[in-house]
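Engineer: I would like to see how this sequence folds:
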Amino acid sequence: MKKFTNTIVVLLMLFASIQTTFADHLSGSLQMTARMTGAQEVPSVAGPGQGLCIFTLSLDKQSIAIEFAGADLTGPIMGIHVHEGAPGTNGPVVFDLSGAINGCRVSTVLSGISASERAKFLAGDYYLNVHTAANPGGEIRAQILLETDFRYTAYLKGSNEVPAVTTDALGWGSFNLSKAGYELEINVSTTGLSGPITGAHLHLAPAGSTGGVIEDLTPFIQGASIVGAVVDPSAYAADIAAGNVYINVHTAANPGGEIRAQLVLQPALTFDAYADGAQAGVATAAFALGTVNVDYNLSTLTFHLIADGLSGPIMSAHIHAGGAGSTGGVVYDLTSLINGDEIIGMLPLTDIASLNAFLSGEYYWNIHTDANPNGEIRGQVYKLARENYSYIFGPENEVPPSDCDGTGVGMVTIDRGQSNAHYMMVVCEMTEPIAAAHFHNAPAGSNGGVIFDLGPSFANFNNVAAYGYWTEPDFTSAQSVMFRNNEVYANIHTDSCPNGAIRGDSVRGRDMMIADSNAIPTMSEWGLILLALLTLTFITLAVGGAQGNLLAYGIGINESITTVLFSGKLPLNKLAFIKALLLVGLFALTAAIATVSIYGTITMLDFVGTIIAGPVLAYLIQLLVIVNEKSVAVERV
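Structural biologist: Residues are numbered from 1 along each chain as shown. Coordinates of the predicted model:
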């Protein structure tokens with residue numbers, strides 16, 4: 001029933017233009033994924049089964065579009081559910097998706113999810129489980145995880161040193177670990193040190209103990225900050241995740257370290273800002289690192305910034321609306337959170353529109369001093385969540401359509417620096433082996449050249465799944481622009497269909513236009529609304545004197561509406577009724593065809609509702625025709 005409404009919304013929105021923002025790379029869309037195997041079951045299940053499910057959160061954060069494909073299973077899918085539970089544990093069913101099973105695929109929308117349910121999706125507290133007859137407890141499973149790079153932070157203090165150092169100095173560090181695990185971006189700002197930084201390093205040891213140097217950050221020192229360090233953490237990424245890596249900042253007065261902190265993962269939607277004078281148009285060497293966290297309930301903002309080298313005390317600080325290179329009004333006043341050269345504290349998130357502005361890179365952090373009341377340093381606020389795309393495979397997407405069988409789903413997410421793409425895809429119901437697979441450059445409905453070879457990835461997973469990263473230098477902003485413009489498709493080739501057996505056209509998450517169908521009347525509800533309006537119109541005409549125009553149909557002018565309704569004297573113009581019925585049927589058929597073409601199915605409730613409501617609507621329409629015809633005839637006389 002709700003799919004009728006979604007169809008109406010989609011058709012209307014197709015006529016709206018899509019705005020471009022901040023080079024158009026970032027948007028308010030968020031995606032979660034589940035890469036499913038039997039090894040993740042509890043207890044584990046041996047077998048080649050593969051599954052991929054893509055969860056795209058609507059821009060209003062009220063609905064989730066779900067696309068799933070499973071391959072190499074022992075038999076048909078008997079059930080599929082979202083459960084609550086951590087990895088390695090079993091938990092209760094939260095959402096039953098079994099009603100949407102269509103062979104090896106599931107396509108549905110969860111509408112009207114609660115804030116707590118949404119928070120658990122974002123936090124990774126849910127897992128997806130697929131059941132078969134051979135494995136009724138679950139054959140493949142995976143945790144549902146947000147597609148994001150990982151933010152670790154470090155709050156450096158002298159009290160963290162071993163032994164402790166007495167100092168008022170502070171530091172705030174941001175450590176952004178790429179999802180691919182090959183890149184760690186480091187920025188640290190300090191204030192109040194006893195003297196210049198003489199060295200800075202990452203060390204291997206848990207809190208309360210000391211360990212050897214694993215990364216020298218000294219070459220990246222700029223004044224009292226560490227700026228723009230990018231290193232390969234592959235050798236110690238697992239140690240970072242385990243909480244066993246710390247950063248140590250050394251000075252001449254404290255050669256063993258003046259301030260230190262462990263790297264700690266941030267469980268939130270995370271953002272950062274590197275503030276300097278260049279972005280504010282001010283000549284200064286001052287620098288600040290600021291971070292913003294949005295809790296998974298999407299209700300609270302946590303701010304933390306440390307600045308150094310300013311011309312004087314921070315007099316005020318704000319989050320402003322505006323993209324890079326532009327200025328705008330104050331959105332959040334952070335002045336009450338100022339504590340010397342540090343800004344720290346929490347404020348409520350105003351609304352989802354504000355969250356989407358954060359996610360789209362449309363806010364900046366501005367630090368004001370007496371010498372520069374309009375802002376001495378400024379930093380654009382950028383997200384760590386990855387920009388997302390998805391695609392549905394089918395022979396009908398080929399140009400021209402192919403005669404080969406198969407279906408499947410896939411996704412791509414791109415980091416904010418546009419330096420790498422994470423891709424996953426699963427195909428199923430194919431009747432012959434994959435001969436080749438590629439990403440091509442062309443929009444839907446046309447063909448284009450190969451830009452990336454997916455064949456080796458499919459070969460690693462029994463030719464039914466491909467998982468991997470497309471990284472620099474082969475992946476650049478040029479490829480990102482292709483995805484951004486919806487001009488990339490994945491093509492699967494077979495011997496019988498060498499030009500392409502099945503194809504999936506990439507669609508940006510922002511452009512999916514997922515409707516919150518609980519917030520809009522369904523087709524059946526619209527029918528009831530129209531029915532009520534037509535009934536009120538007829539009653540109004542009757543009360544106003546139009547009832548007299550129905551005399552020709554055997555209704556007395558003094559008879560009440562109640563008498564007419566229950567007397568069996570209801571007027572009927574057969575020709576007008578047939579025409580009205582055809583009109584209602586035409587509208588219903590158009591909506592049904594559009595719904596099936598977009599969603600692949602129509603619910604029985606919509607079908608039954610249309611059969612019942614259609615004749616009633618047609619009858620009331622012909623009543624209005626009767627009244628109008630008689631009124632015109634009287635006027636002419």
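
Engineer: use CA for all of it now, contacts and neighbours both
Structural biologist: OK.

Engineer: does S107 sit in a helix, a strand or a coil?
Structural biologist: With DSSP: H, G, I helix; E, B strand; the rest coil as the basis, S107 sits in strand.

Engineer: Setting aside sequence-adjacent positions, which residue approaches it most closely?
Structural biologist: Nearest non-adjacent residue to S107, counting by C-alpha to C-alpha, 6 or more residues apart in numbering: E67, 4.8 Å away.

Engineer: And the helix or strand encompassing that neighbour, what does it pack against?
Structural biologist: E67 belongs to strand 64-71 when assigned by DSSP states H and E. Where contact means 3 or more C-alpha pairs under 8 Å, 6 or more residues apart in numbering; DSSP states H and E, strand 64-71 is packed against strand 50-57, strand 105-110, strand 407-414, strand 420-428.

Engineer: Out of the ones you listed, flag the one nearest I144.
Structural biologist: Checking those against I144 by C-alpha to C-alpha gives strand 50-57 as the closest, at 8.3 Å.

Engineer: Heading C-terminal from the lowest-mean-pLDDT helix or strand in the chain, find the next helix or strand.
Structural biologist: Least confident helix or strand, the chain: helix 2-13 with a mean of 34, by mean pLDDT, DSSP states H and E. Note on helix 2-13: by DSSP H and E, the next helix or strand toward the C-terminus is strand 30-36.

Engineer: List of residues touching that following strand?
Structural biologist: 50-58, 121-122, 127-128, 140-147, 385-388, 509 (C-alpha atoms under 8 Å, 6 or more residues apart in numbering).

Engineer: What does the pLDDT read for the closest residue to A285 other than its chain neighbours?
Structural biologist: Spatial nearest neighbour of A285, excluding adjacent residues (C-alpha to C-alpha, 6+ apart): G309 at 6.5 Å. Looking at G309, its pLDDT is 95.

Engineer: same check, this time on G394
Structural biologist: Reading off the model, G394 has pLDDT 98.

Engineer: separation between it and A288?
Structural biologist: Separation of G394 from A288 (C-alpha to C-alpha, to the nearest Å) stands at 50 Å.

Engineer: Have a look at the two and say which one is more surrounded.
Structural biologist: A288 (30 against 23; other C-alpha atoms under 10 Å).

Engineer: Which residues are in contact with that one?
Structural biologist: A288 sits next to 189, 274-276, 305-308, 377 when contact means C-alpha under 8 Å, 6+ apart.

Engineer: Phi, psi for it please.
Structural biologist: The phi and psi torsions at A288 (degrees, to the nearest 10) take the values phi -140, psi 140.

Engineer: Look up which residues are beta-bridged to it.
Structural biologist: A275, A307 (DSSP bridges).

Engineer: Let me see the domain layout of the chain.
Structural biologist: Structural domains annotated on the chain: 2-147+386-511, 150-383, 523-636, as defined by automatic domain parsing.

Engineer: Mind telling me which of the ones you listed the model trusts least?
Structural biologist: When I compare those, domain 523-636 is least confident, with a mean of 60.

Engineer: Helix, strand, or coil at Y619?
Structural biologist: Using three-state DSSP, the structure places Y619 in helix.

Engineer: what about it, how many residues close to it?
Structural biologist: By the measure other C-alpha under 10 Å, the count of residues near Y619 is 21.
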